[in-house]
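Participant: can't give you the sequence, but here's the structure:
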């Protein structure tokens with residue numbers, strides 16, 4: 001993870017308050033699992049490239065694998081985000097007290 005990604009929860013805390021930061025951070029942590037896919041595959045691309053493999057062909061294969069894993073996983077999380085947040089806690093899925101849905105934060109994390 002990079003510094004801008006680690007600063008975002010602090011910015012949400014300072015701008016929107018502790019309650020919204022809690023909803024955001026749970027959604028951010030779940031979405032971070034998806035952010036690992038391109039990181040892991042690009043690390044493998046680096047290793048394969050250092051062994052003298054054809055870099056163009058390997059890069060295209062890596063892009064295909066990234067998109068074939070990431071797009072369905074993001075779409076599934078987008079659709080089933082309420083259920084996933086419900087595993088953490090019913091309040092995170094509903095966001096009842098604040099009027100802002102935890103699913104909304106999850107969708108923001110997925111598409112930003």
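Facilitator: Perfect, I can see it now. Here the structure is a predicted model, which is why all the values come from computation and not from measurement.

Participant: which helix runs longest in this structure?
Facilitator: Residue-count comparison of every helix in the chain, with assignments taken from DSSP state H, identifies helix 18-50 as the longest.

Participant: for the record, mean pLDDT for that one?
Facilitator: The predicted model assigns helix 18-50 a mean pLDDT of 85.

Participant: next secondary structure after it?
Facilitator: Where DSSP states H and E defines the elements, the next helix or strand beyond helix 18-50 is helix 55-79.

Participant: and that following helix with helix 18-50, angle?
Facilitator: Angular relation of helix 55-79 and helix 18-50 on a 0 to 180 degree scale: 160 degrees, by axes from the mean of the first three to the mean of the last three CA atoms, to 10 degrees.

Participant: elements contacting helix 55-79?
Facilitator: Of the remaining helices and strands, those touching helix 55-79 by 3 or more CB pairs under 8 Å, 6 or more residues apart in numbering; DSSP states H and E are helix 18-50, helix 102-111. The way it works is simple: take the backbone N, C-alpha and C, and place the C-beta from them, glycine included.

Participant: switch to 6 Å and redo it
Facilitator: Helix 55-79 is packed against helix 18-50, with contacts defined by 3 or more CB pairs under 6 Å, 6 or more residues apart in numbering; DSSP states H and E.

Participant: who are the packing partners of the helix it packs on?
Facilitator: For helix 18-50, the packing partners by 3+ CB pairs under 6 Å, 6+ apart are helix 3-16, helix 55-79, helix 102-111.

Participant: pLDDT of stretch 87-97, averaged?
Facilitator: Over the span of stretch 87-97, the pLDDT mean works out to 67.

Participant: neighbours of residue 16, just the number please.
Facilitator: Around residue 16 there are 14 other residues, counting by other CB atoms under 10 Å.

Participant: distance of it relative to residue 25?
Facilitator: Spatial separation of residue 16 from residue 25 under the definition CB to CB, to the nearest Å is 11 Å.

Participant: good, we can wrap up now.
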